[in-house]
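[1] Coordinates for the following, if possible.
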Amino acid sequence: MNLPNKLTVGRILLVPFFVAALLIPFPMHTLAALLLFIAASVTDLLDGKIARKNHLVTDFGKFADPLADKILVLSALLCFVQLGWCDCVAVIVVLFREFAVTSIRLIAASKGKVVAANIWGKVKTVTQMVAIITILVLRSAGDIVSLTIGAVPVMDTAFFIIGECLIWISTVFAIISGVIYIMQNKHFIAEK
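    Next comes the predicted model:
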């Protein structure tokens, strides 16, 4: 297994630790989750660059890299719903998009084809990761404020609104990228 593929697998292996840090309350757990999410996001940035630069692009990487992104991002979004940090509607839309795109990839794979992510999928992933990191930064700051001066309810409301806006912006990109992906690869569905 080459280095980019190891980074992709490493990203998947970080997810349970990220989820545990986010959902199990301990001092500064949100900050720990933020650091784990950033580490996983950096592996996403590095694996593709290393693979392209060193001509290490593989079918496994083309399939596993977007899958690792989906696992990481959806885990974060589902945890946010659990914590009451975002509404479930945007997450349902994103889940629908991911199932649709993954279904097309599986159909293509069954026909011996590997369909790599397009630029819109990359934009979608970046906006999702920026939204998630921003929410985690805000919530970490809120934890620090709560530890020093106590809870500030207005801050929680502001963080929720900012988070919702960012999640919905990334959801719009998810919809756009999903529609483009389906249109570009509809021939896999139409083939007999």
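
[2] ok, the residue nearest the centre of the chain - contacts?
    Nearest residue to the geometric centre of the chain (Cα atoms, centre = their mean): V73, 2.2 Å. Taking Cβ atoms under 8 Å, 6 or more residues apart in numbering, we find V73 in contact with V94, T125, Q128, M129, I132. All C-beta spots, glycine's among them, are computed from the backbone N, C-alpha and C.

[3] need these in a markdown table with neighbour count, can you?
    Shown next, in a markdown table, are these (neighbours: other Cβ atoms under 10 Å):
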| residue | neighbour count |
| --- | --- |
| V94 | 23 |
| T125 | 23 |
| Q128 | 26 |
| M129 | 21 |
| I132 | 27 |
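
[4] So which of those residues is the closest to T148?
    For those, the residue nearest T148 by Cβ to Cβ is I132; the value is 24.9 Å.

[5] thinking again about what came up before, what two of the contacts of V73 are the furthest from one another?
    V94 and M129 (12.8 Å).

[6] what's the nearest residue to I107 if we skip its chain neighbours?
    Leaving aside its sequence neighbours, I107 sits nearest to F188 (Cβ to Cβ, 6 or more residues apart in numbering; 4.8 Å).

[7] Now V115: which helix or strand?
    Here V115, judged by DSSP states H and E, is contained in no helix and no strand.

[8] Also the one 5 residues further on?
    Using DSSP H and E, W120 sits in helix 119-149.

[9] Show the average pLDDT along that helix.
    For helix 119-149, the mean per-residue pLDDT is 91.

[10] before we move on, what about stretch 92-108?
    92.

[11] which outside residues touch that stretch?
    63, 66-67, 70, 73-74, 77, 114-115, 121, 128, 170-171, 174-175, 177-178, 181-182, 185, 188-189.

[12] picking that back up, and the helix holding W120, what's buried?
    By 16 or more other Cβ atoms under 10 Å, the buried positions in helix 119-149 come out as 120-122, 124-129, 131-136, 138-140, 142-143.

[13] got it, and stretch 19-36?
    V19, A21, L22, H29, T30, L31, A32, A33, L34, L36.
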